[in-house]
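Colleague: here is my input; please provide its structure:
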Amino acid sequence: MTAPLADPPPHSWPEVVGLIPAAGQAKRLQPFPCSKELFPVGFTKDPQTGMPRPKVASQYLLEKFKAAGVSKTFIVIREGKWDIPHYFQEGLGVGMSLAYLVIPGSLGPPDTLDRAYSFVSQYRIAFGFPDILFGPPDAYHRLIEQQERSGADVVLGLHRIEDPHVWDMVDHDNEGRVREIVMKPAATALTFGWCFAVWTPVFSAFLHRFLRDDETKRNLGVLANKANDPGGDLAVGVVFQAALKAGLSIQTVRFPHDLYLDIGTPDNLAKAVRQQAAE
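Modeller: Residues are numbered from 1 along each chain as shown. Sure thing, here's the model as predicted:
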């Protein structure tokens, strides 16, 4: 008698870990008294005393990681930004394990992220900029769900952008599939841009190869410019463009009613402080 076939094992996705690039020099904010990732933009209650204490910019991102079930995060810092590990230490204050990679310099955020490749290549990645505040609290949970439903290599979190000419805008179809990423267009009918992302080891490997490709090295002067990035660095959106062209699957989740704010400029930093003080 033939034994009945067993049910196939459920698909097991790699664990999701956080990855934060924090090697920048905050050129738009200089002179600045600390790493911009640690600038206080609100208050939280101390869990032991109940007293209010400052809540720094990057804590908002770490809290969103934790809300999505992320238990460990890698933060890549530049030499000299010792205040970040001194402040967060091993991560007890934010409820997750933190590890720090220290680099001497970087071509831009993609290069910074790739320095962690040997540590994170087997994981799915929850990626965000530590100086962009955005909602909702379950944002990463929803991106992870979309990645698991669709099997996409990358899922972008989209917000309705007020000023498209300073943002990476995203053209997507009704099913959420990305058709095009337009870097900081002078004029566009697109209304949504990406603020954060979740990706699989497929994209991590693509990023790793892209940075080492001879064509990338030859065209670096074109790819890394102030039209794509205010500081003239290589931008993450450029790599997303290349991945899309290479055939990787990029999906989206839209957050049309949630706010975002890049605190990398003096005006927006002041706005963030005012907003958090009003809450």
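
Colleague: just give the nearest non-adjacent residue to the residue nearest in space to the middle of the chain, would you?
Modeller: In the chain, the centroid-proximal residue (C-alpha atoms, centre = their mean) is Gly128; its distance is 1.8 Å. The shortest distance from Gly128 to any non-neighbouring residue, by C-beta to C-beta, 6 or more residues apart in numbering, is to Phe196 (4.2 Å). From N, CA and C alone the C-beta is placed, and that goes for glycine too.

Colleague: next up, the contacts around the residue nearest to the centre of the chain.
Modeller: Counting by C-beta atoms under 8 Å, 6 or more residues apart in numbering, Gly128 touches Gly18, Ile20, Leu61, Lys64, Phe65, Tyr140, Cys195, Phe196, Ala197.

Colleague: which stretches in this structure count as helices?
Modeller: When secondary structure is read from DSSP state H, the chain shows helices at 57-67, 83-88, 109-114, 117-120, 139-150, 201-212, 214-218, 220-223, 236-245, 266-278.

Colleague: looking at the ones you listed, which is buried most?
Modeller: helix 109-114 (a mean of 24; mean count of other C-beta atoms under 10 Å).

Colleague: contacts for it, please.
Modeller: Here helix 109-114 makes contact (C-beta under 8 Å, 6+ apart) with 19, 21-24, 76, 103, 106, 127, 129, 207-208, 210-211, 233-236, 238-239.

Colleague: hmm, try it at 10 Å
Modeller: Contact with helix 109-114 is made by 19-24, 74, 76-78, 101, 103, 105-107, 120-121, 125, 127, 129, 204, 207-212, 216, 223-224, 229, 233-240, 242, as judged by C-beta atoms under 10 Å, 6 or more residues apart in numbering.

Colleague: now do stretch 220-234
Modeller: With C-beta under 10 Å, 6+ apart as the criterion, stretch 220-234 contacts 24-28, 106-112, 166, 168, 183-186, 210-211, 215-217, 235-239, 241-242, 262, 264-265.

Colleague: could I get the helices of the chain as a markdown table with distance to Leu190 and mean pLDDT?
Modeller: Below are the helices of the chain laid out as a markdown table (distance: least, C-beta to C-beta, whole Å; pLDDT from 0 to 100):
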| stretch | distance to Leu190 | mean pLDDT |
| --- | --- | --- |
| helix 57-67 | 25 | 97 |
| helix 83-88 | 34 | 96 |
| helix 109-114 | 22 | 97 |
| helix 117-120 | 31 | 98 |
| helix 139-150 | 20 | 97 |
| helix 201-212 | 22 | 98 |
| helix 214-218 | 26 | 93 |
| helix 220-223 | 21 | 86 |
| helix 236-245 | 13 | 97 |
| helix 266-278 | 21 | 64 |
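
Colleague: tell me which of these lies nearest to His257.
Modeller: helix 139-150 (12.3 Å; C-beta to C-beta).

Colleague: run through the residues that contact Gly91.
Modeller: Residues near Gly91 by C-beta under 10 Å, 6+ apart: Leu62, Lys66, Ser71, Lys72, Thr73, Ile75, Ser97, Leu98, Ala99.
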